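*Asks:* Here you go, sequence then predicted model.
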Amino acid sequence: MPNVSNATLSPDELRPGQQLALLGPGGQTLARPLMLALGPLGRLRGLLGRPPLRPGQGMLLRPCRQVHTFFMGYAIDVVFLDRGGVVLGLAADLAPWRVSPYEAGACCVVELPAGQAARSALAVGQRMVFRLTDEVSGDNVMENREPDGP
């Protein structure tokens with residue numbers, strides 16, 4: 001079983017190459033490992049061309065205040081976070097070919113499988129926690145090696 005560190009990170013502290021777990025406000029694991037899209041190419045690709053997220057998978061895009069699901073064949077849940085990891089907004093079950101609301105105060109977005117926000121009872125004002133883990137997946141490593149963008 002992979003180890004998860006007790007040290008928490010803010011969204012601003014996340015770096016390429018880190019293997020991360022995303023924990024919800026009750027300590028439940030929402031995504032492990034969490035894919036990172038921190039540079040312009042990773043954010044541009046996002047989930048495009050990828051199969052639907054399975055339970056326990058997610059992707060963080062930073063910086064990001066709005067997403068779209070153009071060319072995607074499945075819905076996603078979108079969680080907007082501030083620099084402290086506090087949920088500023090949710091776009092649950094964002095269907096394909098849609099644009100999310102623009103969340104001016106967001107520093108990043110976490111994309112989760114459709115329905116995950118409701119199953120985890122996520123709500124505005126709750127704090128998400130990022131923790132280092134030693135779990136590795138090929139997809140996560142590729143995404144996390146992308147250089148930071150502007």
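*Replies:* Perfect, thanks for sending it.
*Asks:* Give the buried residues for stretch 87-100.
*Replies:* Judged by neighbour count (16 or more other Cβ atoms under 10 Å), stretch 87-100 contains these buried residues: 87, 88, 89, 90, 91, 92, 94, 98, 100. Every residue, glycine included, has its C-beta placed from N, CA and C.
*Asks:* So what touches stretch 78-85?
*Replies:* Where contact means Cβ atoms under 8 Å, 6 or more residues apart in numbering, the residues beyond stretch 78-85 that reach it are 10-12, 65, 67, 87-92, 94, 100, 103, 105-112, 117, 122, 127-130.
*Asks:* Below-threshold pLDDT in the protein: ranges please.
*Replies:* 1-5, 135-150 (pLDDT under 70).
*Asks:* Can you name the residues bridging to residue 81?
*Replies:* Beta-bridge pairing for residue 81 (DSSP bridges): residue 87, residue 108.
*Asks:* Pull the most distant pair out of the buried residues of stretch 87-100.
*Replies:* Farthest apart among the buried residues of stretch 87-100 by Cβ to Cβ are 87 and 98. That separation is 19.8 Å.
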